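# Just need the structure, nothing else, for what follows:
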Amino acid sequence: RWETGKEIAEDMVESGIELNNITYSTIISFAIQCRKPDEALEWFSRMRDGGCVPDSVTFASVIDVHVKSGRIREAEELCSEMQRQIEPWDSEVYSQIMKLHGLQKDYDQMWEVYKKMQEEGIVPNVVTFNSLISLLGNAGRSMQALRVFNDMLGFGLKPSPVTLSLMFKSFAKSKHSGEAFELYERMNEEGWVVDSVVYNSLLSLCAQLGRVDEGEKIYKELLNSKRCRPDDWTWRTLVDMYVKTGELHLAKGVFDEIKNHNAVSWNTMVGGYAKQGQGHEAMTYFEKMQRKGLSPDEVTFLCVLGAFSNSGLSDEAEMLFGDMSRTYGLTPCIQHHIWMIVVFGYGGHFDKAISVIKVMPCTDCLAVWVALLGACRKWANVMLGTVAFDQITQLDCTCATAYVLMCSIFASAGMHEDAENVETMRLKYAS
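Residues are numbered from 1 along each chain as shown. This is a model prediction of the structure:
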């Protein structure tokens, strides 16, 4: 308990006992473990005021406190101080420098620091390797993440389940399926320790890449594992995989097996039916979700409105769009407005589509006018199509989609000379 530890430390100070580096570092570490970041910062300040110089581990711990609290500038200043006071630099110093470069998305500089660390012969620990793999993976640099992973193996360190999960997430983000499945095979050959998180990360990768066969193979392996068992994340990931490949009957079967649904799993089903143009089914899951006591969120409404855009249920869409703020207290974003423009426009209700645009907080969005122009093409609405086209070309005169749509509108109306003029404009700005 923090209060007990703090009381002991305060008694030591009041008794005139001079605290040394080890004692201060222990107190700070204990405060962080007890989730008392402000107390940790206070004792770190007292440590320096008392003339003690923190070691690299203490510096690193306090820098992490600043980072997790969103105080990046303070973290940077403390990292600079650490670099000045710690000589020679050890793995903790390098680790914090790389982490801050990564948080600032300065991945090239982060990589340079990593190379310098290698040149100095300093071996990162597993935590540092995992941090690097995570930062590089989130940046879409999965090949660099793989190099770090191989360096880790080269130093004789075995990957933890966390390491493997991060690698599979990295490959999923950059869509490097070949390397991902090679690592999967190697994982089995080497007998590395895995947990359900690793399997779920693999299933997520299969879901994102639409690799149903591999996903089902991995799922069966998980079922046969003596170490791991499927959990709700597993089921939700399977639902997502089947939805993304259009296997809605399989998605429904897995969905019905989930004991603890959350908004994500409901949204997946709503969105799946929406993408298949099955608006009524999407609405059924939307209603079931609420009967189960879960309130729809912004993503749910995006899915439902998207379903209506394909099914022509403009009255239902209009009612739900209004309910977002009236009933659920949600503020529609630009994409919600765009879906309503699509619903009304493709339904031929251009007056309502224009009304939606008029109430938008900002109309300087290319997608808004492209949506309206697409609806105008369906109905060969030359007048409104011309307005939308002009708005698009003012925002981006190189938008190829706008020229294709406008040419189609003019051609449908028999205005071939105007269509040729638009094509001439397209060629001019494309060069």
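# Low-confidence bits of the stretch 251-400 of the chain, can you list those?
310-312 (pLDDT under 70).
# Could you give the separation between the terminal residues of stretch 48-58?
End-to-end distance for stretch 48-58, by C-alpha to C-alpha, to the nearest Å: 12 Å.
# er, stretch 80-96 I mean
OK, stretch 80-96 end separation, C-alpha to C-alpha: 10 Å.
# Tell me how far it lies from the chain's centre.
31 Å (C-alpha atoms, centre = their mean, to the nearest Å).
# so what's G347 closest to, chain neighbours aside?
Residue nearest to G347 in three dimensions, not counting chain neighbours: S314, with 4.3 Å by C-beta to C-beta, 6 or more residues apart in numbering. Every residue, glycine included, has its C-beta placed from N, CA and C.
# show me what contacts the one you found?
308, 343-344, 347, 349, 352 (C-beta atoms under 8 Å, 6 or more residues apart in numbering).
# Which of these fall in helices?
Taking DSSP state H, the ones among the contacts of S314 that sit in helices are 308, 343-344, 352.
# want to throw the residues you listed into TSV with neighbour count and distance to F129?
TSV is the format used below for the ones in helices among the contacts of S314 (neighbours: other C-beta atoms under 10 Å; distance: C-beta to C-beta, whole Å):
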residue	neighbour count	distance to F129
F308	26	48
V343	30	49
F344	26	53
K352	16	56
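# Now for those residues: which two are most distant?
Using C-beta to C-beta, the two most remote members of these are F308 and K352, lying 13.0 Å apart.
# OK, contacts around the most centrally placed residue in the chain?
The centroid of the chain falls nearest to N138 when counting by C-alpha atoms, centre = their mean (8.4 Å). Contact analysis of N138 by C-beta under 8 Å, 6+ apart lists 170, 173.
# after the helix or strand hosting T23, next one along is what?
Assigning secondary structure by DSSP states H and E places T23 in helix 21-33. Toward the C-terminus, helix 21-33 is succeeded by helix 37-49 as the next helix or strand (DSSP H and E).
# what's the following helix or strand after that next one?
Criterion used, DSSP H and E; the element after helix 37-49 is helix 56-68.
# relative to helix 37-49, how tilted is the helix or strand following that next one?
Using DSSP H and E, the helix or strand that follows helix 56-68 in sequence is helix 72-85. Between helix 72-85 and helix 37-49, the angle formed by their directions is 30 degrees, by axes from the mean of the first three to the mean of the last three C-alpha atoms, to 10 degrees.
# And the next helix or strand after helix 72-85, what does it pack against?
Sequence-wise, the next helix or strand downstream of helix 72-85 (DSSP H and E) is helix 91-103. With contacts taken as 3 or more C-beta pairs under 8 Å, 6 or more residues apart in numbering; DSSP states H and E, helix 91-103 sits against helix 56-68, helix 72-85, helix 107-119, helix 126-138.
# Now with 6 Å, please.
Contact partners of helix 91-103 among helices and strands, from 3 or more C-beta pairs under 6 Å, 6 or more residues apart in numbering; DSSP states H and E: helix 56-68, helix 107-119, helix 126-138.
# do you know which of those lies nearest G374?
Here helix 126-138 is closest among these (C-beta to C-beta), at 33.6 Å.
# now the angle from the closest one to helix 107-119?
Using the same axes, to 10 degrees: helix 126-138 against helix 107-119 is 150 degrees.
# Report the backbone C-alpha coordinates of helix 126-138 in CSV.
Below are the C-alpha coordinates for helix 126-138, written out as CSV (Å, rounded to 0.1, in the frame of the first residue of the first chain):
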residue,chain,number,x,y,z
VAL,A,126,13.1,-7.6,-24.3
VAL,A,127,11.0,-4.6,-23.3
THR,A,128,13.0,-2.3,-25.5
PHE,A,129,12.8,-4.7,-28.4
ASN,A,130,9.0,-4.9,-28.0
SER,A,131,8.7,-1.1,-27.8
LEU,A,132,10.7,-0.7,-31.0
ILE,A,133,8.6,-3.4,-32.8
SER,A,134,5.4,-1.7,-31.6
LEU,A,135,6.4,1.7,-32.8
LEU,A,136,7.7,0.5,-36.1
GLY,A,137,4.6,-1.7,-36.6
ASN,A,138,2.2,1.1,-35.9
